[in-house]
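1. Need a 3D model of the following:
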Amino acid sequence: CFVCRRVLDLPYQCECGHVFCNECLDNMFTECSSGMSVSHVTCPCTDDSYPCEIITREKAFLDKRKIKTINKLDVHCIFKKFGCDKIMSLDDLRRNHIDNCDHGTCCTYCEEAIEKDTFDEHKNVCTKFFNKCDYGCGESMMLKDTSSHTCYYKPRKCKYHNFGCLVELKGD
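-> As a prediction, this is how the structure comes out:
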């Protein structure tokens, strides 16, 4: 992609023939006017040697041929840093391998690649993994914050517990 400089992700071709990631193309049409959406922009590939056209989002189309080509590219497993040495097509990686790799997994909340045996630890620091309060107040919090959550509905021991009272109180 000319904008992000990475392998095209959902490639869209503009009327001038240049291809961009769908997200990059969307960003071009919203970032141009201080966050306001615009209907046309100058193609970012324009330079003195190759004057390009004004492009519109409506005329850009999903380039299915490029998708097929990209999906056939050989890539390393995204868990290579955790020891997976497999090389396969991008399509095979996405369809089969990621969910079954012995070396890593993707957090379903933040989409970060993590070692398989550290997922429980990751949930404690994941910025997108939230738990609802176990006691029913409805508050959502990061897993690491559940122990410090002071819930109105959390059962408490009676102030006479030291004297044998087994009543658990909820609320005030």
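2. Spatially central residue for this structure, please.
-> Glu111 (4.7 Å; CA atoms, centre = their mean).
3. which residues of the protein score low on pLDDT?
-> Within the chain, the segments meeting pLDDT under 70 span 31-37, 171-172.
4. give the contact list for Glu139.
-> By CB atoms under 8 Å, 6 or more residues apart in numbering, the residues touching Glu139 are Lys132, Cys133, His149, Cys151. All C-beta spots, glycine's among them, are computed from the backbone N, C-alpha and C.
5. Check which helix or strand the residue nearest to Cys151 when sequence neighbours are not counted maps to.
-> Spatially, and ignoring its direct neighbours in sequence, Cys151 is nearest to Tyr135 (4.6 Å; CB to CB, 6 or more residues apart in numbering). Using DSSP states H and E, Tyr135 falls within no helix or strand.
6. Tyr135 reaches Thr150, doesn't it?
-> No. Using CB atoms under 8 Å, Tyr135 is not in contact with Thr150; the gap is 10.3 Å.
7. Name the residue in these two with the higher neighbour count.
-> Tyr135 (14 against 6; other CB atoms under 10 Å).
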